[in-house]
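Asks: the amino acid sequence is not available; the structure is as follows:
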Ligand SMILES: N[C@@H](CCC(=O)N[C@@H](CS)C(=O)NCC(=O)O)C(=O)O
């Protein structure tokens, strides 16, 4: 039985959607961000970085959203092309790009104060992160084009990852959903029953993106 330490709408949304898509048993453990539970000694034993999410399986704690997602997709077939398949490389590309670039830029967008030594520069760092994210979403949309999913072989964990990024992108000056390819893609992912179940279980209300 998996245990997902989560907080509604945060990076835990990806593994949460995956667990429901895969239909594997799991329990949710709410991390109260208001109470800064992610920085409490018990949580730091699971993730010494004090960040959400953490997945516990068979007594072992795994952190880093992308690592959790890759691990779940490896353990339970259905959300990734098999190792060695033609678009397994594309799958790695998208998972790593969404983690290392898009999600990392969102850290600079949502937590701009961490990226500056002088608080007077925070607004500037925030604006610059927003510009990089806008450009990044344009690049992703150009590659997606009018294909239904990121991978030629079909729906994968990468599509769930992109939905989470487009959802966070609703806070940008030009929301990511307004880029037609991304809005259409997000609507397709939002149409999946497991995704709707996840959003409801986290208490998230429409509009989701
Ligand atoms: N690289 C980490 C980043 C996770 C992250 O930034 N999580 C945020 C929520 S989306 C968090 O824990 N924020 C609370 C904090 O930083 O104190 C991952 O992908 O797991």
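Replies: Looks like it came in fine. In this text the structure is predicted, and so the values were computed from the model without any measurement.
Asks: how much space separates residue 102 from residue 167?
Replies: 12 Å (C-beta to C-beta, to the nearest Å). C-beta here means a position set from N, CA and C on the backbone, and glycine is covered the same way.
Asks: let me know how buried the closest residue in space to residue 39 that isn't next to it in sequence is, in neighbour terms.
Replies: Of all residues not flanking residue 39 in the chain, residue 50 sits nearest, at 4.7 Å (C-beta to C-beta, 6 or more residues apart in numbering). By other C-beta atoms under 10 Å, the residues close to residue 50 number 15.
Asks: report pLDDT for residue 50.
Replies: Here the pLDDT value assigned to residue 50 is 97.
Asks: what's near enough to touch it?
Replies: Residue 50 makes contacts with 38-39, 43-44, as judged by C-beta atoms under 8 Å, 6 or more residues apart in numbering.
Asks: ranges for the helices of this protein?
Replies: 13-22, 41-46, 65-75, 88-97, 104-110, 122-144, 157-168, 180-190, 193-201 (DSSP state H).
Asks: these: which one's closest to the ligand?
Replies: helix 65-75 (3.4 Å; C-beta to the nearest ligand atom).
Asks: quick check: buried residues in the closest one?
Replies: 65-66, 68-73 (16 or more other C-beta atoms under 10 Å).
Asks: same check on stretch 176-189?
Replies: Quick answer for stretch 176-189 (16+ other C-beta under 10 Å): 176-177, 179, 181-182, 185-186, 189.
Asks: buried ones among the contacts of residue 50?
Replies: So, by 16+ other C-beta under 10 Å, the buried ones in those are 38, 43.
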